[in-house]
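>>> Need coordinates for the following:
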Amino acid sequence: MIIFKCKRVLQPWRFSAEHHPLIIVSSILQYRLSSLAAQLSRDQPTSNEALPPSTMEFDSHVYARMLQHCIKNDPAKGRVIHCHALKRGNCLDLFARNILLNLYLKTGHLSDGLNLFDEMSDRNVVSFVTMIQGYYQFEEYDKAVKLFLRLHKEGHEFNPYVFTAILKLLGSMNCVELGWCIHACIHKLGHDSNAFVGTALIDAYSVNGYTNVAKEVFKGIVEKDMVCWTGMVSCYAENDCFGDAVDLFNQMRMEGFMPNNFTFASVIKACLGLKAFDVGKSVHGCIIKTCYEMDRYVGVSLLDLYTSCGDIDAATLVFEEIPKDNVVPWSFMIARYSQSDRCQEALDLFLQMRTALVSPNQFTLASVLQACATMEDLELGTQIHSHMLKVGLDLNVFSLNALMDVYAKCGKMEASMDLFVESQNRNEVSWNTVIVGYVQLGDPEKAFLLFLNMCEEKVQATEVTYSSLLRASASLASLEAGIQIHSLIIKTMYDGDDAVSNALIDMYAKCGRIIDARSVFDTMSDQDVVSWNSIISAYSMHGLGAEALKIFETMRKTNISPNHLTFVAVLSACSNTGSLYQGQSYFTSMKEDFGIEPCMEHYTCMVSLLGRLGHFDMAVKMIEEIPDVPSVMVWRALLGACVMRNNVELGRFAAEHVFEIEPKDESTYVLLSNIYANAKRWDNVAVVRKNMKKKRVKKEPGLSWVENQGTVHYFAVGDDSHQDMKLIRGMMEWLNLKTKSVGGYAPNLNAILLDVEEDEKSRLLWLHSERIALAFALVRMPSGSPIRIMKNLRICADCHVALKFVSKLVKREIVIRDVNRFHHFHDGICSCNDYW
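Numbers count the residues shown, from 1 in each chain. This is a model prediction of the structure:
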């Protein structure tokens with residue numbers, strides 16, 4: 001097979017002596033190199049004392065020794081020596097010419113090396129191998145293969161050096177078929193038992209993933225040396241055969257071979273793949289005994305070991321001991337600090353790196369910018385941006401994406417988009433960065449527009465893209481958009497991705513489809529703590545507290561440990577259902593059984609639970625037990641409970657604490673006004689409204705919206721701007737009449753917190769935005785389909801009662817999401833059991 005390929009490929013190399021006389025070629029090359037020598041002697045004068053005098057007889061071995069010395073010490077002088085030899089008749093022998101060829105190729109002068117190779121009247125295997133290695137160095141793999149075939153065509157002997165050179169080349173080319181041919185030739189010539197050739201074969205098969213073949217090659221090597229063992233250990237480690245790598249390492253030690261730095265780096269990688277961190281630490285002990293802990297490759301592997309097992313402090317100790325004259329260990333530690341939320345330490349280490357005069361590369365800057373984005377440190381981010389412009393890294397996609405993220409996280413989306421638009425080499429991370437930025441800044445519409453542009457440019461979406469778009473759908477409560485994104489996900493490889501599935505649970509829950517959220521959760525192959533938290537929060541949000549607590553108890557039977565967010569969801573479920581004893585029990589268990597210290601969110605849930613049940617003394621005592629200063633959330637929870645229970649004085653006390661922290665908190669003014677209005681203290685209501693006007697605090701207007709056929713319809717209180725307003729009014733009059741005459745509905749006039757007549761109050765109740773949205777949905781949406789209405793404020797008590805009557809009257813499920821939770825109205829009953 002090899003002979004056949006040689007004949008086919010090398011046909012263009014044939015030439016006729018009549019057309020290309022050797023003497024003519026030699027004369028032309030002699031003339032060209034002599035001209036080059038004359039030019040160099042003018043441009044770069046040298047001391048003739050270092051060169052053989054012209055009167056001395058030409059000795060090629062002297063020139064060979066000088067050229068060999070130049071390779072190691074002064075490569076630039078090699079060209080001068082060549083020129084001197086040309087002036088004296090170009091009488092270098094084959095040995096000296098091979099050294100000169102090696103010099104040209106190692107110094108990056110491929111064209112000069114090729115000219116010299118073509119000029120050589122006779123060549124040996126060393127000449128061909130040197131030239132093949134030169135082509136490999138310049139990544140001109142096809143030319144190297146052709147030269148190998150030419151070597152065979154011209155009848156030169158295949159020795160181990162030829163095979164190792166070509167195998168190294170084939171490993172980079174990923175050319176499996178030619179590799180089989182070379183292996184067959186090696187086997188025929190009996191070189192497969194040679195450790196030098198065998199190791200090269202192992203490396204070639206390792207690159208292409210043929211570990212089983214590499215294993216057979218390893219077994220066939222007669223006298224295995226340390227390099228051979230290391231090659232096989234590396235083969236296993238690089239191809240995810242981590243257990244085999246560790247076993248072979250142990251076997252190597254028992255055979256009496258001493259591991260080197262590459263062996264240790266590979267076996268540590270295998271320990272990381274197995275998550276056998278204790279074994280890795282044992283290998284670290286072996287490294288210390290063999291004095292390889294100062295090796296840069298081993299040092300970085302140890303950093304990877306300790307950071308992967310979460311022991312950043314141990315990694316820091318390793319970092320302090322290893323050599324740091326290279327950018328790699330600095331970049332590695334800065335990256336790990338940034339990824340471990342130890343961003344200040346990452347920035348401090350970056351400053352130390354600059355003090356040590358080590359220049360950062362694109363990966364270093366990307367990690368530092370990641371820390372800036374997490375800390376929202378815009379000032380340092382802009383300084384690094386300036387540095388990137390100075391050193392020419394502003395076009396690098398890795399650092400540019402990180403810089404875009406800094407501007408996005410710091411609220412500077414215009415600057416982030418400017419970088420995005422100007423970038424000439426955007427990738428999927430670039431698109432994801434700006435999409436995530438708009439979602440996090442509360443502008444989901446632009447995120448969807450960017451996604452459409454991304455699709456038009458045929459950029460492949462990733463799990464980050466889909467999870468971000470699902471969160472955008474959740475924030476808009478746009479069920480139709482969420483379903484379309486879900487349809488796209490099903491067609492991709494991300495259907496079972498954990499992050500995407502968690503985002504789907506969140507999207508369906510926030511769009512009112514709790515059953516679909518549960519379906520996604522149940523079909524997940526591997527639920528993590530985020531999945532459990534999402535589904536528990538979903539049931540709590542939908543007023544199904546008992547089901548939420550049941551899911552939590554199921555979670556406790558798994559090997560997933562709850563975290564502080566889990567208990568926020570659990571305590572929120574207890575608060576939403578008024579489950580006092582369960583709430584107190586979980587609050588105690590959180591610290592005693594799971595070692596989780598209560599945070600402000602946990603205290604907020606407990607204060608809300610106690611206050612809404614009327615246990616104000618216990619709620620106040622709970623606030624006094626908070627180790628830190630109580631937050632606005634805590635006092636606002638107490639104020640909300642006071643509004644519910646009409647505790648005016650304690651409500652005023654809670655509002656005063658809120659105003660001390662946030663003097664312009666709009667919701668607190670509204671709640672304080674409502675509690676005074678419920679108590680008919682209209683003078684106090686007037687004072688509150690006067691203070692709001694004085695401090696320029698405006699109450700957020702009530703707004704409800706409903707989605708129909710991909711279009712979102714918005715309605716404000718008393719809104720009459722919609723094009724279907726006549727039909728909407730007619731529907732509202734019919735609902736008002738039917739709920740009173742058939743259902744027995746009686747308006748709760750206390751829901752109108754204005755000092756007006758009762759008839760006016762009754763009229764104003766039917767101007768609430770959720771009733772207008774409901775009437776529109778009944779007019780325009782298909783009969784029998786569920787109605788989902790979103791509202792930016794808390795639903796009032798009278799609307800809650802009216803919607804129960806309407807759900808029974810029209811025999812349809814009505815779902816209302818207010819600012820706090822979901823209400824599912826069906827057949828005259830609400831999922832909250834009238835406790836909200």
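>>> Angles on the backbone of residue 593, please.
Per-residue torsions, residue 593: phi -90, psi -30 (degrees, to the nearest 10).
>>> for residue 826, same thing?
Per-residue torsions, residue 826: phi -150, psi 120 (degrees, to the nearest 10).
>>> How many residues are close by it?
Around residue 826 sit 16 other residues, with neighbours defined as other Cβ atoms under 10 Å. Where you see a C-beta, it was placed from the backbone N, CA and C, and this is true even at glycine.
>>> That one bridge partners, please.
Applying DSSP bridges to residue 826 gives these bridge partners: residue 829.
>>> Can you name the residues that contact it?
Contacts of residue 826 were listed using Cβ atoms under 8 Å, 6 or more residues apart in numbering, and they are 807, 813-814.
>>> Nearest to residue 302 among the residues you listed?
residue 813 (59.8 Å; Cβ to Cβ).
>>> wait, what's in contact with that closest one?
Contacts for residue 813 (Cβ under 8 Å, 6+ apart) come out as 786-787, 807, 824-826.
>>> wait, residue 91 sits on residue 85?
Yes. Using Cβ atoms under 8 Å, residue 91 is in contact with residue 85, at 7.3 Å.
>>> Tell me which of these two has more neighbours.
Counting neighbours by other Cβ under 10 Å for residue 91 and for residue 85 shows that residue 85 has the greater number, 24 against 12.
>>> which parts of the helix or strand that contains the more buried one are buried?
Assessed by DSSP states H and E, residue 85 sits inside helix 75-87. Within helix 75-87, the residues that qualify as buried are 75, 77-86, counting by 16 or more other Cβ atoms under 10 Å.
>>> Same check on stretch 691-706?
The neighbour-count criterion (16+ other Cβ under 10 Å) identifies 692, 697, 702-706 as the buried residues of stretch 691-706.
>>> what does stretch 242-250 give?
By neighbour count on 16+ other Cβ under 10 Å, the buried set for stretch 242-250 is 242, 244-246, 248-249.
>>> Also stretch 358-371?
When burial is assessed from 16+ other Cβ under 10 Å, stretch 358-371 yields the following buried residues: 358, 360-371.
>>> Count residues in the vicinity of the residue nearest to residue 630 when sequence neighbours are not counted, would you?
Sequence neighbours aside, residue 623 is the residue nearest to residue 630 in space, at 5.4 Å (criterion: Cβ to Cβ, 6 or more residues apart in numbering). Using other Cβ under 10 Å, residue 623 has 21 neighbouring residues.
>>> Surely residue 623 touches residue 639?
No. Counting by Cβ under 8 Å, residue 623 does not reach residue 639; the two are 11.8 Å apart.
>>> that older thread, let me know the closest of the contacts of residue 826 to residue 163.
Nearest to residue 163, judged by Cβ to Cβ, of these is residue 813 at 75.2 Å.
>>> can you give me phi and psi for the closest one?
For residue 813, the backbone dihedrals are phi -80, psi 130 (criterion: degrees, to the nearest 10).
>>> for residue 419, same thing?
Residue torsions, per degrees, to the nearest 10, at residue 419 are phi -60, psi -40.
>>> any idea how far residue 566 lies from residue 529?
Distance from residue 566 to residue 529, counting by Cβ to Cβ, to the nearest Å: 7 Å.
>>> okay, these two: which has more neighbours?
With other Cβ under 10 Å as the criterion, residue 566 and residue 529 differ in neighbour count, and residue 566 comes out ahead with 24 against 16.
>>> helices or strands next to the helix holding residue 85 in the packing?
Here helix 75-87 is seen to pack against helix 22-43, helix 60-72, helix 94-106 when contacts are counted using 3 or more Cβ pairs under 8 Å, 6 or more residues apart in numbering; DSSP states H and E.
>>> related to what we said a few turns ago, can the contacts of residue 826 go into TSV with extra columns for pLDDT?
Supplementary listing: the contacts of residue 826 in TSV, determined by pLDDT from 0 to 100:
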residue	pLDDT
807	93
813	93
814	94
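>>> can you put those residues in JSON lines and add distance to residue 418?
Below are the contacts of residue 826 laid out as JSON lines (distance: Cβ to Cβ, whole Å):
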{"residue": "807", "distance to residue 418": "51"}
{"residue": "813", "distance to residue 418": "47"}
{"residue": "814", "distance to residue 418": "46"}
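>>> Nearest to residue 253 among these?
Among the contacts of residue 826, residue 813 lies closest to residue 253 (Cβ to Cβ), at 69.2 Å.
>>> just to revisit the earlier point, what helix or strand does the residue nearest to residue 630 sit in?
Counting by DSSP H and E, the element that carries residue 623 is helix 616-624.
>>> For that helix, which residues meet the burial criterion?
The neighbour-count check on helix 616-624 (16+ other Cβ under 10 Å) flags 616, 618-620, 622-623 as buried.
>>> Mind pulling the model confidence for the most centrally placed residue in the chain?
Central residue of the chain (Cα atoms, centre = their mean): residue 464, 7.6 Å from the mean position. Per-residue confidence at residue 464 stands at 95 (pLDDT).
>>> Roughly how far does it sit from residue 493?
Distance from residue 464 to residue 493, counting by Cβ to Cβ: 14 Å.
>>> now residue 325
Residue 325 sits 42 Å away from residue 493, taking Cβ to Cβ as the criterion.
>>> now residue 253
Residue 253 sits 41 Å away from residue 493, taking Cβ to Cβ as the criterion.
>>> When the two are compared, which one has more neighbours?
For residue 253 and residue 493, the more surrounded residue by other Cβ under 10 Å is residue 253, and the numbers stand at 14 against 9.
>>> Per-residue pLDDT of the more buried one, please?
Residue 253 is assigned a pLDDT of 90 by the prediction.
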